[in-house]
Every structure is written in C-alpha cells, then in structure tokens.
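> A structural model of the following input is requested.
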Amino acid sequence: MKMLKVFIDGREGTTGLQIEERLRAMPGVTLLEPDPLLRKDAAERQRLIHSADAVFLCLPDAAARESAALAEGSKAVIFDASTAHRTHPDWVYGFPELSPELGEAVKTSNRIAVPGCHATGFCAIVYPLVWYGLVSAYNALSCFSLTGYSGGGKAMIAEYEGENAPTDTRPYALTLAHKHLPEMQKVCGLYTPPVFMPAVVPVRQGMLVSVPLGAPDAPAKPLHACLEDWYAYAKHVRVMPFGGADALEAGRLPMQALNGTDDLEIFVFGHETQALVIARFDNLGKGAAGAAVQCLKLRFGL
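All right, here's what the predicted structure looks like:
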C-alpha cells in the first residue's frame with residue numbers, strides 16, 4: 001500500500017496537535033516534519049507542501065493564505081482549518097453530511113476548508129431546515145453557543161489551566177462580529193447573519209450550539225422529522241428522539257457527553273409554537289481536528 005505523505009503546517013497549536021495525534025494512529029500515513037529551526041521558513045514550508053499528498057493548514061488566516069499560495073503548482077490536497085477560505089468560491093466546505101453534493105465534492109476537491117466549531121453546530125441545524133422550507137432564509141435567526149476553552153487556543157488554555165483559572169461562564173464576541181458569521185450565513189443561504197452569542201465555560205472540551213425558533217417557523221415536531229430524515233444515513237451526525245427523553249428526565253443536557261468522539265447529536269425540544277434545537281459535540285472532534293481528518297479519509301478513500 002502506498003504511504004500517504006502528510007504535512008501539518010502549524011502543528012504546534014491545539015488543532016494541529018490533535019490532527020497529528022490522530023494521524024500517527026492511522027496505518028498508511030507518514031508525517032513530513034520540518035527542520036525545527038526552519039518550521040516558519042517559507043522555502044522549507046513550500047518544499048514540504050510540494051512533497052506531500054495532503055497538507056493541513058492549522059494557522060492564523062494570513063499565514064494560511066500564504067501557505068495556500070505556496071501550494072500553487074503542487075499536487076497536494078490542502079485542508080485549511082483556519083477561517084481564511086471557508087467562504088471562498090474555489091474551496092469546498094468540509095462538512096460532507098450537509099448534502100450529497102458536498103459529500104461528493106469533498107471526495108474530489110484539492111482545496112477543502114474545514115468548518116468552524118460554532119458554525120458546525122449552527123449549519124447542522126439550520127441548513128436542512130432552510131432547504132426544506134421549514135425556516136425562511138429571510139428570518140432573523142439567533143444562536144447561543146457554549147464551548148470548552150480549548151477552542152480558544154494556547155493563550156486561553158493557559159489562562160484556564162493556570163493558577164487563577166476563571167470559574168465563570170464568559171460570553172464574548174459582543175460586537176456581533178464573530179469570525180464564524182460569514183460561513184454561517186453563506187452556507188445556510190441566509191439573507192442576514194444570525195444574532196450570535198458564544199460563551200466560554202470552564203471545561204476543556206465540549207460544545208452546545210442552540211438555535212431557538214418560534215412562529216412563523218414550523219412547530220417542533222415537523223422540525224424534528226425533517227432533521228431525522230436528513231441525517232438518517234449520516235455516519236457522524238445523529239438526531240436524537242424528540243424531546244430528548246433522557247435530557248428532559250434529568251432536567252439538563254450535559255455538554256461533555258461526546259468528548260473524545262467525532263460525533264454530533266441534534267436534539268429538538270418544544271411544542272406547537274416554539275422550538276429549541278441543540279447540537280452537541282466535541283469542539284475538538286467534529287468541531288475541529290476530527291472533522292479535518294474525516295475529510296482526509298473521504299478524500300483519499302481511507
């Protein structure tokens with residue numbers, strides 16, 4: 001079997017380290033490693049990109065664009081985990097469960113943009129509902145998202161695991177200009193971006209993305225039926241029984257239940273005039289590294 005040569009550009013960050021850990025456990029994959037003294041050198045990075053079959057960009061947006069330019073003329077398949085290319089028309093959005101067309105595109109494209117973690121939950125809920133016409137693309141939607149602090153990168157991890165670690169829940173992006181909003185709007189075909197409030201909680205991993213819906217959108221049970229039908233054959237996305245019986249019985253929905261997996265669960269609560277749809281997943285699993293490696297497996301038929 002031909003070894004798949006993979007280069008991770010920016011593997012020192014949280015997502016890069018997670019991707020590296022997953023790839024080292026995969027047979028048939030060999031990692032190309034830069035000279036430690038040259039890991040930021042453009043010529044060295046270009047050499048590795050052009051030597052690889054697949055490249056993961058785990059970089060800030062500007063550096064990701066630079067690496068994508070360095071890849072010009074190479075045969076490498078590029079998987080970008082940054083925000084840089086998620087709405088770019090020449091890049092495929094790497095959420096294969098959203099539609100058969102996206103799934104097929106991931107299998108054939110050489111430029112794949114891995115979704116943002118918050119956007120993964122929002123799009124998993126809203127995309128099918130808009131496509132079916134149960135939710136109007138003209139509606140002003142809102143979204144509330146709780147995330148573990150590992151999604152904030154090294155600085156936030158150090159803060160939350162330091163001596164004076166925060167113990168409270170902290171909303172952020174209060175300017176209503178979060179970097180995931182462009183992909184949330186474009187991928188779901190919305191005419192306006194949702195009102196989005198993310199918040200960090202003092203746990204390392206886990207994510208709950210909530211979308212409340214009221215009149216004139218469909219009552220809760222048709223929403224559930226739509227989502228159940230849409231994801232009936234999805235490998236990593238599951239729609240849970242209506243009302244989430246276990247969650248209602250306990251009176252709560254634990255956000256860490258899927259940590260360490262690449263799965264996403266969707267819950268629908270509500271009645272005839274109101275609904276609350278929640279996506280639960282690991283922000284480092286289906287929300288980051290797990291999604292990136294899933295796209296690699298699909299693209300190379302692993």
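> what sits against the residue nearest to Lys179 when sequence neighbours are not counted?
What sits nearest to Lys179 in space, not counting adjacent residues and going by Cβ to Cβ, 6 or more residues apart in numbering, is Thr83, at 4.9 Å. Where you see a C-beta, it was placed from the backbone N, CA and C, and this is true even at glycine. The neighbours of Thr83, taking Cβ atoms under 8 Å, 6 or more residues apart in numbering as the test, are 61, 116, 179-180, 183.
> which residues of the stretch 101-250 of the chain fall in strands?
111-113, 142-148, 170-171, 195-201, 207-214, 237-239 (DSSP state E, counting those that start in this stretch).
> Can you pull out the residues in contact with stretch 145-154?
Residues outside stretch 145-154 that contact it (Cβ under 8 Å, 6+ apart) are 13-14, 117-118, 121-122, 156-157, 159-160, 169, 196-210, 255-256, 283-284, 287-288.
> any low-confidence regions in the stretch 201-302 of the chain?
Across the stretch 201-302 of the chain, the ranges flagged by pLDDT under 70 are 244-251.
> Show me the protein divided up by domain.
4-115+288-300, 117-283 (automatic domain parsing).
> Report the buried residues of stretch 25-35.
29, 32, 34 (16 or more other Cβ atoms under 10 Å).
> Pretty sure the last one sits against Arg45.
Just to be clear, that refers to Pro34. Yes - contact criterion Cβ atoms under 8 Å: Pro34 and Arg45 qualify, at 7.0 Å.
> how near is Ile157 to Thr14?
Counting by Cβ to Cβ, to the nearest Å, the gap from Ile157 to Thr14 is 7 Å.
> Pretty sure Asn259 sits in a helix.
No - counting by DSSP: H, G, I helix; E, B strand; the rest coil, Asn259 falls outside a helix, being coil.
> Please enumerate the helices of the stretch 101-250 of the chain.
117-132, 153-160, 181-188, 220-230, 245-250 (DSSP state H, counting those that start in this stretch).
> Out of these, flag the one nearest Lys40.
helix 153-160 (15.7 Å; Cβ to Cβ).
> if we can go back for a sec, so which of the helices of the stretch 101-250 of the chain is nearest Arg65?
Nearest to Arg65, of all those, is helix 181-188, at 15.1 Å by Cβ to Cβ.
> Show me the contact partners of the closest one.
83, 86-87, 93, 95, 98, 115-116, 118-119, 122-123, 126-127, 130, 137, 143, 190, 192-194, 196.
> so what's Phe281 bridging to?
On the basis of DSSP bridges, Phe281 is bridged to Met207, Leu264.
> give the contact list for it.
Phe281 neighbours (Cβ under 8 Å, 6+ apart): 120-121, 207, 258, 261, 263-265, 287.
> For those, give me a markdown table that also has distance to Val237 and neighbour count.
Shown next, in a markdown table, are the contacts of Phe281 (distance: Cβ to Cβ, whole Å; neighbours: other Cβ atoms under 10 Å):
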| residue | distance to Val237 | neighbour count |
| --- | --- | --- |
| Thr120 | 10 | 30 |
| Gly121 | 11 | 31 |
| Met207 | 14 | 30 |
| Leu258 | 11 | 22 |
| Thr261 | 12 | 14 |
| Asp263 | 7 | 18 |
| Leu264 | 5 | 28 |
| Glu265 | 8 | 20 |
| Gly287 | 12 | 31 |
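> Spatially, which two of these are the most separated?
Pairwise over the contacts of Phe281, using Cβ to Cβ, the maximum falls at Gly121 and Thr261, 14.7 Å.
> Next one, pLDDT for the nearest residue to His178 once chain neighbours are set aside please.
Among residues not flanking His178 along the chain, Phe196 sits closest, at 5.5 Å (Cβ to Cβ, 6+ apart). As predicted, Phe196 sits at a pLDDT of 96.
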